[in-house]
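Participant: give me the fold of what follows.
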Amino acid sequence: MAKTEYLTAPVPSAKMPASMPYIMAAEAAERYAFYAFDAILALFLIKNLLDWKGNPASLTEEQAMEWKHYFKAGVYFTPLIGSLISDLFLGKFRTIIAFSVVYCLGFLAITLDQTYFGTMLGLGLISLGAGVIKPCLSANVGDQFGQSNQNLITRAYNIFYWMVNLGAFFSMAISPWMYDHYKDVRIALGVPGIFMVVAVLIYWFGRKSMVHIPPKGKVFFKDLVSREGILVILRLSFFMFVFIAVFWSLFDQTTSKWIYQAEKMNLTFLKWNFSDQTFFGSLLSKLGGLHHVEWEILPAQMQAANCIFVLITIPFFTYIVYPIINRFYHLTPIRKLAIGFFVAIPSFAIPAMLEKWINDGLQPTIWWQVLAYWFMTAAEVMISIPSLEFAYTQAPKSMKSFISSLNLLSVSLGNLFVSLVNKFIQNPDGTVKLEGPSYYWFFTILMLATGIIFCIVVRFYKGKIYIQDEAEATD
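Facilitator: Numbers count the residues shown, from 1 in each chain. This next block holds a predicted model:
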């Protein structure tokens with residue numbers, strides 16, 4: 001075998017791979033870029049989109065949700081393309097670098113032109129770039145581990161997901177503020193592109209510390225059409241990916257439907273008023289007038305609640321909740337998924353209740369949405385992270401990116417389902433079939449049915465674990 005300047009197999013070690021800091025930092029920057037854009041897209045499509053001639057294009061909420069969730073569906077469908085390019089031709093690293101450039105060009109297009117043309121071009125390039133690199137990024141995490149340190153894979157994917165949400169938290173807190181604060185929408189659209197450039201540079205700088213698993217070419221096709229490969233695809237699709245798609249149909253509406261609902265709520269997040277004649281009030285008054293505080297949050301900033309809860313929930317579940325449950329009930333990834341489906345149910349039941357109050361003329365506090373975000377986040381941690389790890393370990397060695405892309409395809413199917421639902425419920429006269437609370441109750445009942453059916457079907461799942469082979473490091 002010809003020598004290369006890069007490692008082509010994990011080196012035996014009991015430690016965390018040296019490439020992890022680069023991979024994790026790049027992932028945080030890339031996720032900042034994506035979620036900073038995603039956080040304002042729902043509002044941009046209603047308030048800033050221009051038609052072919054450059055005039056304001058007025059979209060309804062349902063039309064904007066169609067656009068947004070078609071975009072999200074594209075982001076999570078194109079991983080299939082990325083996995084094929086990676087496993088057949090380029091390998092994960094070169095695929096990541098090449099399509100990250102496409103990703104950056106998408107941000108450039110929509111920043112320069114907010115008409116239908118610029119927006120569609122930008123959304124297309126971003127969905128292609130973000131989607132193609134996505135399965136490569138997650139599978140590349142697992143590629144860094146061999147038999148000697150495979151016990152650290154779960155920790156690595158927890159850290160990976162933690163970094164995803166660290167980047168997402170700052171983007172969801174800052175990007176809506178930039179969108180609201182600056183009159184020129186190009187500033188809020190352009191900053192994510194800068195972070196994407198930073199992500200590419202970090203990944204490139206870490207190239208010599210990474211394991212570069214070579215593309216498998218014909219071996220991939222041979223394994224793909226083999227009895228073992230077909231069974232793996234069918235097992236994971238039927239027993240896991242289809243059910244996870246339903247969860248993502250609920251989750252990704254936090255970036256669209258929930259924002260529109262938040263605009264009708266009492267957005268006062270913190271409020272207190274202490275008399276400056278009291279000792280405590282006088283002390284706060286001297287600290288910059290903090291005796292009187294009334295902080296209103298922007299509707300799109302509520303998305304940051306999910307990220308904050310993820311950053312807290314991952315270590316809380318990993319070091320406290322899971323060990324306690326494991327004393328009485330062994331928590332496998334599949335069992336975590338099953339529990340997560342039921343935990344997700346209140347996350348849409350609460351907005352259904354809020355929508356009824358809003359229709360009755362009330363203005364409920366935004367803290368009710370915080371509670372809904374908590375249930376959604378707890379479900380996410382129990383579904384998304386185990387599915388990442390499970391998809392990687394259950395995939396044959398030559399099909400790691402491809403199986404990871406099928407896992408991501410479940411997100412695409414979930415968003416496509418939301419788009420189709422919103423298209424179907426629109427009446428010609430401008431009214432909708434699923435109006436008010438009934439829209440949220442529809443998804444709540446769907447999640448309940450999904451959890452019950454999953455618990456029945458998954459009892460018949462039989463799988464196998466595949467880990468990359470190790471090799472001695474070469475000079």
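
Participant: and the helix or strand harbouring F37, what does it pack against?
Facilitator: F37 is part of helix 20-47, with elements assigned from DSSP states H and E. Helix 20-47 is packed against helix 61-77, helix 92-112, helix 116-143, helix 153-181, helix 185-205, helix 257-262, with contacts defined by 3 or more CB pairs under 8 Å, 6 or more residues apart in numbering; DSSP states H and E. Heads up, the C-betas are built off the backbone N, CA and C, glycines and all.

Participant: run the angle between that helix and helix 153-181 for me.
Facilitator: Counting by axes from the mean of the first three to the mean of the last three CA atoms, to 10 degrees, helix 20-47 lies at 40 degrees to helix 153-181.

Participant: turn the helices and strands packed on helix 20-47 into TSV, including mean pLDDT, distance to N427 and mean neighbour count.
Facilitator: TSV is the format used below for the helices and strands packed on helix 20-47 (pLDDT from 0 to 100; distance: least, CB to CB, whole Å; neighbours: other CB atoms under 10 Å):
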stretch	mean pLDDT	distance to N427	mean neighbour count
helix 61-77	86	10	22
helix 92-112	93	31	21
helix 116-143	89	25	24
helix 153-181	86	31	20
helix 185-205	93	31	20
helix 257-262	89	18	23
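
Participant: wait, which of those helices is closest to A9?
Facilitator: helix 116-143 (9.0 Å; CB to CB).

Participant: show me what that closest one is packed against.
Facilitator: So helix 116-143, by 3+ CB pairs under 8 Å, 6+ apart, packs with helix 20-47, helix 61-77, helix 79-85, helix 92-112, helix 153-181, helix 367-393, helix 400-424.

Participant: picking up where we left off before, redo the helices and strands packed on helix 20-47 as a markdown table? Include distance to F37.
Facilitator: Converted to a markdown table, the helices and strands packed on helix 20-47 look like this (distance: least, CB to CB, whole Å):
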| stretch | distance to F37 |
| --- | --- |
| helix 61-77 | 10 |
| helix 92-112 | 7 |
| helix 116-143 | 7 |
| helix 153-181 | 8 |
| helix 185-205 | 5 |
| helix 257-262 | 14 |
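
Participant: could you report the pLDDT at A473?
Facilitator: The model reports A473 with a pLDDT of 44.

Participant: contacts for stretch 436-447 next, please.
Facilitator: Residues from elsewhere that reach stretch 436-447, judged by CB atoms under 8 Å, 6 or more residues apart in numbering: 246-247, 249-250, 253, 257, 341, 344-345, 348-349, 351-353, 355-356, 358-359, 421, 425, 432, 434.

Participant: please pick the buried ones from these.
Facilitator: Neighbour-count burial (16 or more other CB atoms under 10 Å) is assigned, among those, to 246-247, 249-250, 253, 257, 341, 344-345, 348-349, 351-353, 355-356, 358, 421, 425, 432.

Participant: check contacts around F317.
Facilitator: By CB under 8 Å, 6+ apart, F317 lies in contact with A378, V381, M382.

Participant: make sure it is indeed in a helix.
Facilitator: Yes. Under DSSP: H, G, I helix; E, B strand; the rest coil, F317 sits within a helix.

Participant: what about W248, distance to G82?
Facilitator: Distance of W248 to G82, computed by CB to CB, to the nearest Å: 18 Å.

Participant: and the two? Which one has more around it.
Facilitator: G82 (30 against 23; other CB atoms under 10 Å).

Participant: I figured that one was touching S138, is that so?
Facilitator: No. Counting by CB atoms under 8 Å, G82 sits too far from S138 to count as a contact (10.8 Å).

Participant: out of the buried ones among the contacts of stretch 436-447, which are inside helices?
Facilitator: Judged by DSSP state H, those include 246-247, 249-250, 257, 341, 345, 348-349, 351-353, 355-356, 358, 421 as members of helices.

Participant: nearest to L413, of those?
Facilitator: S249 (8.0 Å).

Participant: quick one: pLDDT of the closest one?
Facilitator: Here the pLDDT value assigned to S249 is 92.

Participant: check the gap between the closest residue in space to it that isn't next to it in sequence and L49 for me.
Facilitator: Counting by CB to CB, 6 or more residues apart in numbering, S249 lies nearest to G414, which is 3.8 Å off, once chain neighbours are set aside. Distance of G414 to L49, given as CB to CB: 24 Å.

Participant: again with V132
Facilitator: Distance from V132 to L49, by CB to CB: 25 Å.

Participant: ok, V370 next?
Facilitator: For V370 relative to L49 (CB to CB), the value is 30 Å.

Participant: what angle do helix 345-359 and the helix or strand encompassing F454 make with each other?
Facilitator: Per DSSP H and E: F454 is located in helix 437-457. Computed with the same axes, to 10 degrees, the direction of helix 437-457 lies at 170 degrees from that of helix 345-359.
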